[in-house]
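Student: can you look at this prediction? I've put the sequence above it.
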Amino acid sequence: MKNKENIWDLLSGRDYQSCIITTYSFDFYYFEKSVMRILRSKGIGNISVFVDSNIFQGVLGKIGNSVSRIYSINQIKSKGVFHPKVYMFFGKEKGLLIIGSGNLTSSGHGKNDEVWGAFHYDVNNPKYTQLFANSWAYLRGISLNTKGFSKEKINWIREYSPWIESLPSPSLSAFEKLDKHSEIAFLSNSSGVSIFNQLSSLIPFKKVKELTIVSPYFDAKGKIIEMFRKALPNAEINILVDEDNGILPFGLSDDVGENVRFYHWKDCFENKNEKSASRLHAKIFNFVLKDKSQYCLFGSANASVAALGGENISAINEEVSILMSSSKLDFLKELSIRVNTKENIPLSMFKKNLDEKDILKEVSTLKYSIEAIDKEGSKLNVYIDKKVEPNTRLHLFDSWGDEIYSSMMTLGKNYYSVNLPSNISTFVYGCLVDANTNKVLSNKQIIQDVILLSKTNPDPQKQVLDIIFSDIEQGDELLFAKLIGYISDTDLNIENKIVPSRIRGGKA
């Protein structure tokens, strides 16, 4: 793809104070050193991240440096994987929704070839109201089981972005008309119906004459290709793959394989002088009908049954995708993607790289699940999914994964608690361990400082100060002018009255 853009450039101005981000994988260093600086400079302080639980377990203990405490991270479990990439920003009168294929990593925001859709909402000129309603309902749904102070941070969004309450009721798996030529729909597997089934109800499959699939990962036996071939018997099917980084459907049956065309991703650009050497991570399903109208599905879902489900098969992954229809637009052309039928290659000619077992993660079967650990001063509040046995201890670890403290817990009304000694301060995460056998009994859970998180309340006055102090970190020489400008004349008058009285009463 040419003309790559940075999604953070969409945060022009200072219109937002809160955001929710969902991701499969997560890069602490990239997020804290790059993304957090951008968000804070835009006045966005109330930040909540939702990440796949199994992937996050592998991140903790390998951070290397102490992590920040001014945003919350929430782990989500799924039957398969928690895979959506939804970025939703909230202001007093405006909203921004970004849905696509990129994870919250440096690769997902620059190095890879990704695809994104961005949508703006303004109370003075509301658009995409149903899309925002569906997206907010989805995010509220995944946050229902959030425990501890992280739940309060979600409630702040409703308090300081009142336009959310004016959105229509969620209506999933249905088109929202944008104009006389185009429509849009929010699709996910969380509504009880697979994305594949939603596609079959929204797209007139019998009228499809061409389907182009762009995806890095496929079922090893090409099950999803087989299902599309069956559902679209008269359509030409083009498949664009990255043999250097993806999983290709080498087990696809010959009778199906002979009726689809495969292409190298690097060969499928309008301008061959601008070939991309980047890794393919975009996921696109583009349907062209006989009347030349088009439907384009893009988002987090790969070309697999786990991601899309099937006619009589439930999807196991959490996924979010956008389906757009247009009677005028050529979506692939808009993305600078072109398919030259003379360049198709037999599947057998592609080299084998990854296999399904290389990326499938073992699902955790631990005895307990720690849902949150909040630090309030010298006390830890530990939220666990069920009552623990008497021999269970909480172990605390630093950012390198070294154990620094262990303690028994006291059962409270809704959570367990631990009182910390004054010399313990470098802990980053904790987990439950059997005191007798030293066996790990729970997931690793990051520890969140309630006092610091409480300062991320998206109060309008605090937002201005956040911006100023973000500028301080970046060496702004006009610091004092900005601070004086923020202090009102009334504040200065009060200060002038108080200070002299202190001097008169003291020994200056």
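Tutor: Now that the structure is in, tell me what you want to look at.
Student: from the contact counts, what lies against the helix or strand where G117 lies?
Tutor: Taking DSSP states H and E as the definition, G117 sits inside strand 116-122. If you count contacts as 3 or more CB pairs under 8 Å, 6 or more residues apart in numbering; DSSP states H and E, strand 116-122 packs onto strand 94-100, helix 129-142. From N, CA and C alone the C-beta is placed, and that goes for glycine too.
Student: and the shortest one with strand 116-122, angle?
Tutor: Relative orientation of strand 94-100 with respect to strand 116-122: 170 degrees, computed using axes from the mean of the first three to the mean of the last three CA atoms, to 10 degrees.
Student: what's the mean pLDDT across strand 94-100?
Tutor: Computed over strand 94-100, the mean pLDDT rounds to 97.
Student: contacts for it next, please.
Tutor: Residues from elsewhere that reach strand 94-100 (CB atoms under 8 Å, 6 or more residues apart in numbering): 7, 10-11, 15-16, 85-89, 114-123, 128, 131-132, 135, 161, 163, 298-300, 320-322.
Student: same check on stretch 396-412?
Tutor: Against stretch 396-412 from outside (CB under 8 Å, 6+ apart): 60-67, 381-382, 387-388, 392-395, 416-421, 424, 426-431, 433, 435, 444, 447.
Student: hmm, which of these are the buried ones?
Tutor: Buried subset of those (neighbour count, 16 or more other CB atoms under 10 Å): 60-61, 63, 67, 381-382, 388, 392-395, 416-418, 420, 427-431, 433, 444, 447.
Student: in strands only, show me those residues.
Tutor: The strands, defined by DSSP state E, take in 381-382, 392-395, 416-418, 429-431, 433, 447 from these.
Student: out of these, which two sit at the greatest distance?
Tutor: Spatially, the most separated pair among those is N381 and V433, at 18.6 Å (CB to CB).
Student: residues touching stretch 433-441, excluding its own?
Tutor: 366-368, 388, 391-395, 406, 408, 431-432.
Student: and the least confident of these?
Tutor: L366 (92).
Student: okay, the closest residue to that residue other than its chain neighbours: pLDDT?
Tutor: Excluding its sequence neighbours, the residue lying closest to L366 (CB to CB, 6 or more residues apart in numbering) is S442, at 5.4 Å. Looking at S442, its pLDDT stands at 96.
Student: what is the burial count for S442?
Tutor: Using other CB atoms under 10 Å, the number of residues around S442 comes to 23.
Student: ok, and for stretch 195-202, which residues are buried?
Tutor: Those would be I195, F196, N197, Q198, L199, L202, for stretch 195-202 by 16+ other CB under 10 Å.
Student: got these as JSON lines, with distance to F149 and secondary structure columns?
Tutor: Below are the buried residues of stretch 195-202 laid out as JSON lines (distance: CB to CB, whole Å; DSSP: H, G, I helix; E, B strand; the rest coil):
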{"residue": "I195", "distance to F149": "34", "secondary structure": "helix"}
{"residue": "F196", "distance to F149": "38", "secondary structure": "helix"}
{"residue": "N197", "distance to F149": "38", "secondary structure": "helix"}
{"residue": "Q198", "distance to F149": "36", "secondary structure": "helix"}
{"residue": "L199", "distance to F149": "39", "secondary structure": "helix"}
{"residue": "L202", "distance to F149": "40", "secondary structure": "helix"}
